[in-house]
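Asker: quick one: sequence and predicted model below, then my questions.
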Amino acid sequence: MGAIPDQHVSKHRSGRQQKRRLKSSLRLALLLLGVFSAAYACFVRPHCTPASLPLSKEELELLQMMRGGGRAVVKVVEGKGGGGGGGGGGRGSGEAEGSREEGYFLEGGRDGDWEEGSAGYLADHPELIHARLQSQQEEEEEPVGLWESPQQEEWRQCDAPSRKYREAPVPESNGYLQVFLDGGLNQQRISVCNAVTVARLLNATLIVPEFATNPFWQDTSQFADIFDVDHFISSLHKDVRIERSLPPHLAWSTSAYYASSLSRRNKLVRSAPLHATKKWYLKRVLPRLKQRGIVAMTSFSHRLAFTGLPKEIQRLRCRVNFHALRFVQPIRELGQKLVRRLQDPSLRPTHRGVLYSPSVNMSAFGMEDGGMERDGREEARGETEEGGMKKGEGRGLDDIIAPWGGLGRETGTRSSEGAEAAEAEDRAASKGEDGAVGGGHETGEDRGHEVVEGGRRRRRFLALHLRFDLDMVAHSACDYGEAWEEQEQLRRYREYAWGGRVANLQHSPQHLRAAGKCPLTPEEVGLLLAALGFSRATRLYVATYQVYGGASRMAALRRLFPNLEDKTSLATQEELRPFLGRASMLAALDFYVSMHSDVFVSTSQGNMHNVMAGYRAYFGGHKTIKLNAPLLASLLQTPNLTWPDFTRAVQTGHEARLGQIKARRVDQSLYTYPAPECLCKVEEGEGQRGDRRGGLLEWWYGKQNRKKGKGQAQELHPPS
């Protein structure tokens, strides 16, 4: 008998696969019907145990294709099957924990029951998550050097002005320069640096920049709400003239005036092109400034080039960014408290927050009362090494925390609310107890998730800038498996925010994901961090305002990293009250905490990542991981990918993306790559890093203040 032709074999196999898929679809439909029945029963019964039905791998794949943004009343859990039936709505109560099957199960219940603390979720990549959790049980140790910073000893800060620049007087003013800044906090930060630089180029008097109301967050915060105006002006008084407001005869020059039709009859307002050159400002703006005495600039985001500028001007941009822009005291004080609480988990506020309430205004951050409050003070409870309990009520210390260091000097200033148990910590330090160095540990000693610095042991933590909010998801035009209603919501938002003109809409979702243009979901970034080697014990601070999809979107990340914290879980209601409705102030708080983290990761290569990468490079080159989104997209589309293969590929693909200092290319941002203009290679025999720079900047920022009796020279760690 002759061999059966290949096409007949192929058709036969295809037919069997279709029958198997149809059979799985029918069974899945019956399962869904049963689970929905159980879910309906849970709506009418207050105490309801949801149904739990086993799923095959093929049914799991079908369900993944059917998912609708995680808002259905069913979820997939793994390794947790029970005795529930099709519509019975209950598990066998007498079933032993060890007798439950391993695998994936379909479960139904009330959606609200899964918001907090739920072990189950409808994940995009449940098999990888399951494999990760299994591997974590077998091996707890993290890779050697995971928390260590890239080697940066060969660089030093070198943005101090030259002797010629220092000795030259500030030129006579040609008039007033006004700038109206839009965008988020870090975009505005870059714009302020550019505005100071343009004022120097034009010999203009800069008016403290005005921040536009954020159209998405409706935030009305101004410069003085976020940055220390006095410090800003005094730090730059040798570089450029800065005034708080216009003189009375020019008080009519406001953003409201320029937005009206009257402004069309004058030529006082200008909009610079993107990355405008020095020549453009001297040719188009300077003559008008000299003639009229005032020029207003609108749409000032990224309006100054990084090429064609003298080295002294580039260094001025660095001095503005790294030294002159210091956060106001309330932001610094609360930021210091959050950093302390992350480094010492025994310090807890009297109120515990709830991460990521799905409500738009977060219901005052979803704070829930908990614990016992005594005279506005905060209790710290911790176990001593002898096994006893220590308790203390302490003062809120006005400590200065240098990045990646221990607590600085103590001034003894008292805080009326949310005070921390610093006295208990100090007493423990003297006894070698919790939080102190006992047993002769050396400063700088690496103890896994802990490190000994300045005679004290502190916990390490990772700051994750998670950009997965409504505007980011809508602007990306990517497909995240949303239901039809959610897709319509995103479409309407694109119409509202950008008139429907979003460049990514011309590409398919598959193309966008392959190109790495889709913001990473919390689940995806959790898998990446786990693959890089961070264990479930990692203390993770989430820097974000609101996650699109609410708590259900955070479930996978929370399962991979249960030690999740954010502003609302670390601060009290009273501490957060001044920040409510102020997205920019909250972003500044996240910036402060992220600046002091041992490792920083951002899911978006936007302004926050760019500014933070430059900041961390300038102040010591601490680890800043730049995630490889195209690599992740490719890996997650690979069939039958094992966890060891996934881990190996992720670690290899990030070897050169760990914050190593690199010299800036001509087309790159100075705020992200401060070398070589503001960071210079250390020459052999030059001495300790920063010696020359420290002396010059101390002279530059401190000599004038000492003459006037205003105090000591400016400190050389980040002013914010």
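Answerer: The structure has been received and is ready for your questions. Numbers count the residues shown, from 1 in each chain.
Asker: going by C-alpha atoms from here, please, whenever you check contacts or count neighbours.
Answerer: Fine.
Asker: and stretch 472-485, end to end?
Answerer: Stretch 472-485 has an end-to-end distance of 18 Å (Cα to Cα, to the nearest Å).
Asker: going forward, the N-terminal residue is numbered 515.
Answerer: Noted, 515 is the first residue going forward, which turns the last one into stretch 986-999.
Asker: tell me the buried residues in it?
Answerer: Within stretch 986-999, the residues scored as buried using 16 or more other Cα atoms under 10 Å are 987, 988, 989, 990, 991, 992, 994, 995, 996, 997.
Asker: and what of stretch 673-680?
Answerer: Neighbour-count burial for stretch 673-680, counted by 16+ other Cα under 10 Å, picks out 673, 674, 675.
Asker: the one helix or strand residue 1056 maps to pairs with which strands, and in what direction?
Answerer: Secondary structure assigned from DSSP states H and E places residue 1056 in strand 1054-1057. Next to strand 1054-1057 in the sheet, as set by DSSP bridges, lie strand 976-979 (parallel), strand 1078-1079 (parallel).
Asker: just name the most buried of those strands.
Answerer: Across the strands paired with strand 1054-1057, averaging neighbours per residue (mean count of other Cα atoms under 10 Å) puts strand 976-979 on top, at a mean of 24.
Asker: that older thread, what does the strand holding residue 1056 rub up against?
Answerer: Contact with strand 1054-1057 is made by 856, 975-980, 1075, 1077-1081, 1101, 1104-1105, 1108, as judged by Cα atoms under 8 Å, 6 or more residues apart in numbering.
Asker: got phi/psi on residue 671?
Answerer: Per-residue torsions, residue 671: phi -70, psi 140 (degrees, to the nearest 10).
Asker: that one: neighbour count?
Answerer: A count of nearby residues for residue 671, using other Cα atoms under 10 Å, gives 24.
Asker: picking that back up, need the strands paired with strand 1054-1057 in TSV (columns: mean pLDDT and distance to residue 786).
Answerer: Output for those, formatted as TSV (pLDDT from 0 to 100; distance: least, Cα to Cα, whole Å):
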stretch	mean pLDDT	distance to residue 786
strand 976-979	97	31
strand 1078-1079	93	41
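Asker: quick one: closest of the ones you listed to residue 705.
Answerer: Closest to residue 705 of those, according to Cα to Cα: strand 976-979, at 21.2 Å.
Asker: for the record, mean pLDDT for whichever helix or strand comes after that closest one?
Answerer: Next in sequence after strand 976-979, counting helices and strands by DSSP H and E, comes helix 984-990. The pLDDT scores in helix 984-990 average 89.
Asker: helix 984-990: what's the following helix or strand?
Answerer: Immediately after helix 984-990, counting by DSSP H and E, sits helix 998-1012.
Asker: residues contacting the closest residue to residue 664 other than its chain neighbours?
Answerer: Excluding the flanking residues, the one nearest residue 664 by Cα to Cα, 6 or more residues apart in numbering is residue 1174, at 5.7 Å. Contacts for residue 1174 (Cα under 8 Å, 6+ apart) come out as 664, 665, 666, 1131, 1135, 1137.
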